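In: model this:
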Amino acid sequence: MESGKFKLSKQVFIKSSMQAENIATFEKPVFGVIHSDFEVAAGLLDEVRKKLEPHLESDGAQFKIPIRVDLLKKIKRKIIH
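Out: Now for the predicted structure:
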């Protein structure tokens, strides 16, 4: 979009399922997001672990993860001859 070749057509919000067998399999996709540059505040990860542990059963836990999808539309350029 920054190049000016596309414009935002629509934003769609969906919920995806995520299975976490344990805390480590929960942390990687949630806190290890590769497209964002952020640091988890001190103590936040421990707080998340404490809240997650009661939901873990023998086969892990199932979560609904909100996802935003940006639908882009290519901008047509007029060709001048």
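In: what packs against the one helix or strand residue 67 maps to?
Out: In the assignment (DSSP states H and E), residue 67 maps to strand 61-74. Applying 3 or more Cβ pairs under 8 Å, 6 or more residues apart in numbering; DSSP states H and E, one finds that strand 61-74 contacts strand 6-20, helix 23-31. (Each C-beta comes from the backbone N, C-alpha and C, glycine too.)
In: Could I get the average pLDDT for it?
Out: The pLDDT scores in strand 61-74 average 89.
In: can you give me how far that strand is from the chain middle?
Out: 7 Å (Cα atoms, centre = their mean, to the nearest Å).
In: Ok, stretch 66-81 next?
Out: Using Cα atoms, centre = their mean, the offset of stretch 66-81 from its chain centre is 22 Å.
In: hang on, residue 45 in a helix?
Out: Yes. The assignment for residue 45 is a helix, going by DSSP: H, G, I helix; E, B strand; the rest coil.
In: number of nearby residues for it?
Out: Number of residues near residue 45 (other Cβ atoms under 10 Å) recorded here: 13.
In: ok, now residue 12?
Out: 10.
In: same check, this time on the one 4 residues further on
Out: When neighbours are defined as other Cβ under 10 Å, residue 16 has 9 of them.
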